[in-house]
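A.B. asks: coordinates only, sequence not included:
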């Protein structure tokens, strides 16, 4: 009998889309639904970059080099160099979004059945890529009490087996917004050196660091053979739909194998590359404006959440997410209830239950991710909805003792 | 020690790129090199579609639905209906080129270690996708003496094992240009029904049929549960760089699993979709002009090749390739010699050794693929070069007896 593959059956529904039908129904009832569930920035794609793409003299939109056009790779290398990453254009493979960089890295660095350690909570879609690549995710749990800092190295050491091939970090983190310090990066690189593991570093949110300059794992002394940077222009230039990312490594063996995977699909999206090439030319000051906006949104979000009884919200240093503990029985039930059964002044909000970000079953039931991707006025209205919802929600729990969680609310 | 994965090591260098460095060197010596090696059409991307993409009112280039925008899927469904394929918009997943459709189909229909039967010679890159997906290709050899028609069903039956899950056909075929007749499609579908195999049908060249109207496997009675169409706009609208394809199936279980793979990478390229949506609106007559041009090129190519002593060239009904037998010792050596050691009036040509299209070792050593993707004047000049080269090539062999191969030169 015809039957789809086991991996096809195992493939999860995107955790970001589960609540979609409920949001749709709420909107059809006439409710305003604030979408704080997905990392789709509302900032306009840079007009100069769009204009450059639109006016490019393209008559035959042909295949490019499998690693992307040389002209874009040169501009991207210059961008990395300005960000203090020691990257030349030959170290770059332009990919179809950060997604393809993740897939190529897993296919290149791990065999089927090999293990990759990832601090949880993590970007839920890593699970889907791991299933596609046939590799096993081994989580190490970061704690909200520590503001989601890097778990102790001993926790990593404990789960390393002969099948362990790599560690994957997301820095700044989706979903926690945590930014690893140089000392944390050095310690995780040291672990990789000691155990001969690749260090995959997802740097999609590099430009969104609010409290300190960004440090990439690739900048560290001795990083070159170990580190594979997974990158994307999606968030950096609010160009998610362009589907342009990059795999960057100074390890020639990894580059060569990843490039052969890239040749398989001939070339990355050509129109997106034109946009990305122009965006790479934007002045440093381009980020100032969007960063200032996100910083204000972060401060608003964290302040409002911390003021709600029973809510614990670390103050993250980057990305545009917070992961907050709420006094609720089930983040999945709460997320659905917000859309199905609640409204405040005919408004409600959509958030991401954190169960989708933990690999360990049972974790994240009292946590939600909030993406501060709306303008401050909508964001404030959404948080007001949340405040009212937490008073009304039938599954509200007794708040945790404040002392245990106090540490997490200190500015990081 | 750090070591890339076995699949990373196994991943082949693209067979289309192997001769690249030699072509580059020839050009640096000042030679004109006619590129007949790659299926990159020289026809201009439709100006109306480019203009629609350029003028679309896009402020935030955001993620789309994982299966592509509804508006594009509706237009694409209408295109399929005009082509007599019974496809609704819910049956379509827009993919990042035909490449991603191939990958998703393999991941969805086969488990690692499962087998897929593919008539050879076939598009060499299937091998790379099979390695990425961990599946095993089992070739069934089509013969130049038969004009590369579908091999006898008994040849398929002979290689079916308990691990066989699917048959993959490319129709019209890259690299042979052969177009399967309705009877051939019915027989291969019957085989799939009898053995409960998926039938993956790569229809990238659907619009390039010169001698008879196109028949898709999906049009056949009883096809719905079995057939997965792999499609792309790359050749249809000369828009290879847009990276827009589609996976189309009426099998809901396959659709659902493939869609979850599609959600993994969030969405297909947004700018390319704008282009594709406008292209789907082009009138039928759009294809008349490009088809007439390719038809003239085919006839020129086949006539010139058939007139060369010792050359056997079936007259293919579609795509823009011919696969010809040449009186040479090694297509790989000949392809390199053309670039390194030969010129005629300071010109030479680049072609694809057919060894890259056969899975069975040793086959294709006397065959080359020629893509007729240049204007007729360049094409004629390139074929003149080939004619001279076949006289001069030191590895020239005694022509095969004409009788054995005569059948293949009949119009198909």
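C.D. replies: Great, that's in hand. Computed from a prediction, not measured in an experiment: that's the story for all the values here.

A.B. asks: could I get the contacting residues of the most centrally placed residue in chain A?
C.D. replies: The residue lying closest to the centre of chain A (Cα atoms, centre = their mean) is residue A:174, at 3.5 Å. Contacts for residue A:174 (Cβ atoms under 8 Å, 6 or more residues apart in numbering or on different chains) come out as A:39, A:122, A:123, A:202, A:204, A:205, A:319, A:321. (Glycine included, C-beta is placed from N, CA and C.)

A.B. asks: narrow the residues you listed to those in strands?
C.D. replies: Using DSSP state E, the members of the contacts of residue A:174 that fall in strands are A:202, A:321.

A.B. asks: and which of the contacts of residue A:174 is nearest chain B?
C.D. replies: Set against chain B, the nearest of the contacts of residue A:174 by Cβ to the nearest Cβ is residue A:39 (9.1 Å).

A.B. asks: show me which residues of the stretch 51-200 of chain A sit near chain B.
C.D. replies: Proximity of the stretch 51-200 of chain A to chain B is confined to A:53-55, A:58-64, A:66, A:96-97, A:99-100, A:103, A:107-112, A:114, A:125, A:128-129, A:132, A:134, A:165, A:196-198 under the rule Cβ under 8 Å from any Cβ of the partner chain.

A.B. asks: buried subset of the residues you listed as a PyMOL selection?
C.D. replies: To isolate the buried ones among those in PyMOL, judged by 16 or more other Cβ atoms under 10 Å in any protein chain shown, type:
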select buried, chain A and resi 53+54+58+61+62+63+64+66+96+97+99+100+103+107+108+109+110+111+114+125+128+129+132+134+165+197+198
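
A.B. asks: how many neighbours does residue A:303 have?
C.D. replies: For residue A:303, the neighbour count with other Cβ atoms under 10 Å in any protein chain shown is 12.

A.B. asks: ok, now residue A:298?
C.D. replies: 23.

A.B. asks: just checking, residue A:79 is part of a strand?
C.D. replies: No. When DSSP: H, G, I helix; E, B strand; the rest coil is applied, residue A:79 is found to be helix, with no strand at that position.

A.B. asks: angles on the backbone of the spatially closest residue to it that is not a sequence neighbour, please.
C.D. replies: Excluding its sequence neighbours, the residue lying closest to residue A:79 (Cβ to Cβ, 6 or more residues apart in numbering or on different chains) is residue A:280, at 4.8 Å. Main-chain torsions, residue A:280, degrees, to the nearest 10: phi -60, psi -20.

A.B. asks: what's near enough to touch residue A:175?
C.D. replies: When contacts are counted by Cβ under 8 Å, 6+ apart, residue A:175 touches A:121, A:122, A:123, A:321, A:323, A:352, A:354, A:357, A:369.

A.B. asks: ok, the fourth one - contacts?
C.D. replies: Just to be clear, that refers to residue A:321. Contacts of residue A:321 (Cβ under 8 Å, 6+ apart): A:39, A:173, A:174, A:175, A:176, A:177, A:369, A:370, A:371, A:372.

A.B. asks: tally of neighbours for the second one?
C.D. replies: Close neighbours of residue A:173, defined as other Cβ under 10 Å, add up to 27.

A.B. asks: these two touch, right, it and residue A:317?
C.D. replies: No. Look at residue A:173 against residue A:317 with Cβ atoms under 8 Å: they stay out of range, at 9.5 Å.

A.B. asks: common neighbours of these two, please.
C.D. replies: With Cβ under 8 Å, 6+ apart as the test, residue A:173 and residue A:317 both reach residue A:179.

A.B. asks: quick check: residue A:101 vs residue A:262, distance?
C.D. replies: Relative to residue A:262, residue A:101 is positioned 10 Å away (Cβ to Cβ, to the nearest Å).

A.B. asks: so which residues of chain A form strands?
C.D. replies: Under DSSP E, chain A gives strands at A:32-35, A:92-95, A:115-120, A:136-141, A:164-170, A:198-202, A:227-232, A:245-249, A:321-325, A:347-350, A:352-353, A:367-371.

A.B. asks: determine the number of other residues adjacent to residue A:232.
C.D. replies: 28.

A.B. asks: go ahead and confirm it touches residue A:206.
C.D. replies: No. Using Cβ under 8 Å, residue A:232 is not in contact with residue A:206, being 9.7 Å away.

A.B. asks: so where's chain A shaky on pLDDT?
C.D. replies: Residues of chain A that meet the criterion pLDDT under 70 lie in A:399-412.

A.B. asks: which residues in it form helices?
C.D. replies: Remark: helices assigned in chain A by DSSP state H are A:6-10, A:20-28, A:47-55, A:70-82, A:97-109, A:125-133, A:153-159, A:182-195, A:252-264, A:270-280, A:285-306, A:331-340, A:376-392, A:402-405.

A.B. asks: to residue B:181, which of those helices lies closest?
C.D. replies: Proximity to residue B:181 (Cβ to Cβ) singles out helix A:252-264 among the helices of chain A, at 30.9 Å.

A.B. asks: one step back: find the residues that touch each one of residue A:101 and residue A:262.
C.D. replies: With Cβ under 8 Å, 6+ apart as the test, residue A:101 and residue A:262 both reach A:93, A:95, A:247.

A.B. asks: residue contacts, the residue in the stretch 301-412 of chain A that chain B sits nearest to?
C.D. replies: Nearest to chain B, among the residues of the stretch 301-412 of chain A, is residue A:373, at 10.3 Å (Cβ to the nearest Cβ). Residues counted as contacts of residue A:373 (Cβ under 8 Å, 6+ apart) are A:35, A:36, A:38, A:39, A:40, A:41, A:42, A:320.

A.B. asks: quick check: it vs residue A:290, distance?
C.D. replies: Distance from residue A:373 to residue A:290, by Cβ to Cβ: 11 Å.

A.B. asks: over to residue A:202?
C.D. replies: Counting by Cβ to Cβ - residue A:202 and residue A:290 are separated by 20 Å.

A.B. asks: and the two? Which one has more around it.
C.D. replies: residue A:202 (26 against 20).

A.B. asks: so the more buried one touches residue A:106, yeah?
C.D. replies: No. Using Cβ under 8 Å, residue A:202 is not in contact with residue A:106; the gap is 11.8 Å.

A.B. asks: tell me the phi and psi of residue A:373?
C.D. replies: As for residue A:373, its main-chain torsions (degrees, to the nearest 10) stand at phi -110, psi 20.

A.B. asks: if we can go back for a sec, can I get the shared contacts of residue A:101 and residue A:262 in JSON lines with neighbour count and distance to residue A:388?
C.D. replies: Formatted as JSON lines, the shared contacts of residue A:101 and residue A:262 follow (neighbours: other Cβ atoms under 10 Å in any protein chain shown; distance: Cβ to Cβ, whole Å):
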{"residue": "A:93", "neighbour count": "25", "distance to residue A:388": "48"}
{"residue": "A:95", "neighbour count": "30", "distance to residue A:388": "43"}
{"residue": "A:247", "neighbour count": "29", "distance to residue A:388": "45"}
